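Undergrad: predicted model, plus sequence, below.
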Amino acid sequence: MFFAFIRKVGPIAALAGFVTLGARVQAQMTPGAPNENSAFSIPEAQLIQPADLSKVLAAKSGDKPLVLQVGSRVLFEQAHIAGSEYAGPGSQSAGIDLLKKRVDKLPKDKSIVLYCGCCPWNRCPNVAPSYRLLQSMGFTQVQVLYIANNFGSDWVEKGYPVERGR
Amino acid sequence: MPACLAAPPAQSLVSKKAPEIARADLNGLPVSLKSLRGKVVLLNFWATWCAPCLVEMPVFSGWQQQYGPQGFQVIGISMDDDAAQARKAITRLKTSYPIVMGDAKLGAKYGGVMGLPLSYLIDRNGTVRARYQGEAAVGTIEKQLKEMLARP
């Protein structure tokens, strides 16, 4: 099929078409490079496990991070990490705007933890765009809560602190 | 700061009567779980941002057409924040079953919908018989619903 395409459009046109492929497609074609919207694009060093975050939040001393849920508002209302705020969804421009507004005036070394938990990690459309936004705004202390399955099983059912409502 | 709460365990709904759902679907037609007694019901919580949900839904539409005559009914519950997005999705997917908009209150009634997709199978007597969280193998759900349809 590839050679039929070359014969049809001519070798020069085919080469031009390949060169002008968008960066995203090229990234996808590069072996091992995760899609920029994939949660796997977040560096592992920036991830925090639920057990570790719950310890940080429970500690009697030390600064607590600002915890922001960047997924679904309906899910947030049912249960969210105690003390967290809603600032999503990261997969939509309105959600990105909400996140930007929330953090805009914060010092760039403010400790922030983002989370979602709408779906399994490999399916989450919200955390990576949110993380990228904060990176682009110059925040240096951003972590993302690693939720392998969903918020219910990985946080609520483990008995970590939750609140309900808006 | 509100007191921290523990969510009720989601598994507790299995073998219990399914909490009533009585709402208009996205076409404005009434949907009531009570009125579906006598049918096997698949309750599917989904959202437009949930990729595996959008893969499952055409399968459920196929089941609706195939098993509907035997007394099977799918009800979709969108957990989107915005009904307009849900409408666009179901138009594109050509879903063949009613879709109602969910919310935190309905989610809480169903043990907390804190991850999608989430489906419940309800028998002809209105009792929850199975809960499927996440990307459940649709073959497993289909096997169970056929068993339930075979019972009076």
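TA: That came through fine. Numbers count the residues shown, from 1 in each chain, chains lettered A, B, ... in the order given.
Undergrad: using the three-state scheme, assign the residue in chain B that chain A sits nearest to.
TA: Using CB to the nearest CB, the closest approach of chain B to chain A is made by B:G115 at 2.3 Å. Using the backbone N, CA and C atoms, a C-beta is placed for each residue, glycine as well. Following DSSP: H, G, I helix; E, B strand; the rest coil, B:G115 is assigned to coil.
Undergrad: what is the burial count for it?
TA: For B:G115, the neighbour count with other CB atoms under 10 Å in any protein chain shown is 24.
Undergrad: that one contacts B:Q133, correct?
TA: Yes. Taking CB atoms under 8 Å as the definition, B:G115 is a contact partner of B:Q133 at 6.2 Å.
Undergrad: what touches both of these two?
TA: A:150, A:152-153 (CB atoms under 8 Å, 6 or more residues apart in numbering or on different chains).
Undergrad: of those residues, which is the most crowded?
TA: The most neighbours of any of the shared contacts of B:G115 and B:Q133, using other CB under 10 Å, belong to A:N150, which has 28 neighbours.
Undergrad: any idea which element B:I75 lies in?
TA: Following DSSP states H and E, one finds B:I75 within strand B:72-78.
Undergrad: next, the angle from the next helix or strand after that strand to strand B:72-78.
TA: Once strand B:72-78 ends, the next helix or strand along the chain (criterion: DSSP H and E) is helix B:83-93. Taking axes from the mean of the first three to the mean of the last three CA atoms, to 10 degrees, one finds that helix B:83-93 is oriented at 140 degrees with respect to strand B:72-78.
Undergrad: anything in helix B:83-93 near chain A?
TA: No. Using CB under 8 Å from any CB of the partner chain, helix B:83-93 never reaches chain A; the gap is at least 8.8 Å.
Undergrad: show me where chain A has its strands.
TA: Applying DSSP state E to chain A gives strands spanning A:47-48, A:66-69, A:80-81, A:85-86, A:112-115, A:142-145, A:162-163.
Undergrad: for those strands, give me TSV that also has mean pLDDT.
TA: TSV is the format used below for the strands of chain A (pLDDT from 0 to 100):
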stretch	mean pLDDT
strand A:47-48	97
strand A:66-69	98
strand A:80-81	96
strand A:85-86	98
strand A:112-115	98
strand A:142-145	98
strand A:162-163	94
